[in-house]
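Novice: take a look and give me a structure for this.
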Amino acid sequence: MEVVSVKVDKELREKMRRFSNVNWSETIREAIRRTVAEEELKGRRVDPEEVREASRLTDAIRKSAEGWSSTEEIRRWREARR
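Specialist: Predicted coordinates for the structure are as follows:
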């Protein structure tokens, strides 16, 4: 493991002391892990061809089924509840 030091102002340090049950080192490590993961996601390059393919698949799924009406289906289920 490597050592990283963090400076906080006096007021914050006093507040941290009030919560001695908190593992501050682990809290800071987790915050750093989360931030690194978020930054790595931001840096990912998106392949435009993958986006186009995903769009085509979404459009294929979205097409309506012949002979099926969402309005009629909702009405049928509402009537069945009564």
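
Novice: show me where the protein has helices.
Specialist: 10-18, 24-43, 48-62, 70-81 (DSSP state H).

Novice: by contact count, what packs against the shortest one?
Specialist: Spelled out, it's helix 10-18. Counting contacts by 3 or more C-beta pairs under 8 Å, 6 or more residues apart in numbering; DSSP states H and E, there are no secondary-structure elements packed against helix 10-18. The way it works is simple: take the backbone N, C-alpha and C, and place the C-beta from them, glycine included.

Novice: show me how far that helix is from its chain's centre.
Specialist: Relative to its parent chain, helix 10-18 has a centroid offset of 31 Å by C-alpha atoms, centre = their mean, to the nearest Å.

Novice: quick check: angle from that helix to helix 24-43?
Specialist: Helix 10-18 and helix 24-43 are oriented at 120 degrees to each other (axes from the mean of the first three to the mean of the last three C-alpha atoms, to 10 degrees).

Novice: picking up where we left off before, compare the helices of the chain and report which one is nearest to Met1.
Specialist: Using C-beta to C-beta as the measure, helix 24-43 is the one of these that comes nearest Met1, at 9.6 Å.

Novice: then the lowest-mean-pLDDT helix or strand in the chain to PDB, C-alphas only?
Specialist: Using mean pLDDT, DSSP states H and E, helix 48-62 stands out as the lowest-scoring helix or strand of the chain, at a mean of 90. Only the C-alpha atoms of helix 48-62 are listed here, as PDB (Å, rounded to 0.1, in the frame of the first residue of the first chain):
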ATOM      1  CA  PRO A  48     -20.200   4.700 -33.100                       C
ATOM      2  CA  GLU A  49     -20.900   1.400 -34.800                       C
ATOM      3  CA  GLU A  50     -21.900  -0.300 -31.500                       C
ATOM      4  CA  VAL A  51     -24.300   2.700 -30.900                       C
ATOM      5  CA  ARG A  52     -25.800   2.300 -34.400                       C
ATOM      6  CA  GLU A  53     -26.200  -1.500 -33.900                       C
ATOM      7  CA  ALA A  54     -27.900  -0.900 -30.500                       C
ATOM      8  CA  SER A  55     -30.200   1.600 -32.100                       C
ATOM      9  CA  ARG A  56     -31.200  -0.900 -34.800                       C
ATOM     10  CA  LEU A  57     -31.900  -3.600 -32.200                       C
ATOM     11  CA  THR A  58     -34.000  -1.100 -30.200                       C
ATOM     12  CA  ASP A  59     -36.000  -0.100 -33.200                       C
ATOM     13  CA  ALA A  60     -36.600  -3.800 -34.100                       C
ATOM     14  CA  ILE A  61     -37.900  -4.500 -30.600                       C
ATOM     15  CA  ARG A  62     -40.000  -1.400 -30.600                       C
END
